[in-house]
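>>> one predicted model, sequence on top.
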Amino acid sequence: MTTVWWIVLIIVALLAGVALGFFIARQYMMKYLKDNPPINEDMLRMMMMQMGQKPSQKKINQMMNQMNKVSDKKDKKVKK
């Protein structure tokens, strides 16, 4: 009978470790992406130039603000 309890204990510990690891990794990645956004103004300027548009600072600021608004909305939904 003790062997059954050891097997159950190992399975429960494994599941708890997987769940804990998932949430820690998720929190780490959210913090990393918040600190290091994937797209900055220089990258946006290069993308616009490659598409054949002449980027003005006003247009770049508008696009960055729009991207920040979208990411803020997603953050608020996740926190609820």
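Cool, got the structure.

>>> Pro55 versus Ile40, what's the distance?
One thing to correct before we go on: residue 40 is Asn, not Ile. 13 Å (CB to CB, to the nearest Å). Heads up, the C-betas are built off the backbone N, CA and C, glycines and all.

>>> which one of those two is surrounded by more residues?
Pro55 (16 against 10; other CB atoms under 10 Å).

>>> does Gln53 sit in a helix, a strand or a coil?
Look at Gln53: counting by DSSP: H, G, I helix; E, B strand; the rest coil, its state is coil.

>>> would you list the phi and psi of it?
As for Gln53, its main-chain torsions (degrees, to the nearest 10) stand at phi -100, psi 150.

>>> mind listing what it touches?
For Gln53, no contacting residues are found, by CB atoms under 8 Å, 6 or more residues apart in numbering.

>>> and for Ala19?
Ala19 touches nothing, counting by CB under 8 Å, 6+ apart.

>>> spatially central residue in the protein, please.
The residue lying closest to the centre of the chain (CA atoms, centre = their mean) is Met30, at 4.1 Å.

>>> what's the model's confidence in the helix or strand that residue falls within, averaged?
Met30 is part of helix 2-35 when elements are defined by DSSP states H and E. In this model, helix 2-35 has a mean pLDDT of 94.

>>> make 21 the starting number, not 1.
Got it, first residue is 21 now, which makes that one helix 22-55.

>>> mind listing what's buried along whichever helix or strand comes after it?
Downstream of helix 22-55, the next assigned helix or strand under DSSP H and E is helix 61-70. By neighbour count with 16 or more other CB atoms under 10 Å, helix 61-70 contains the buried residues Leu64, Arg65, Met68.

>>> alright, calling it a day.
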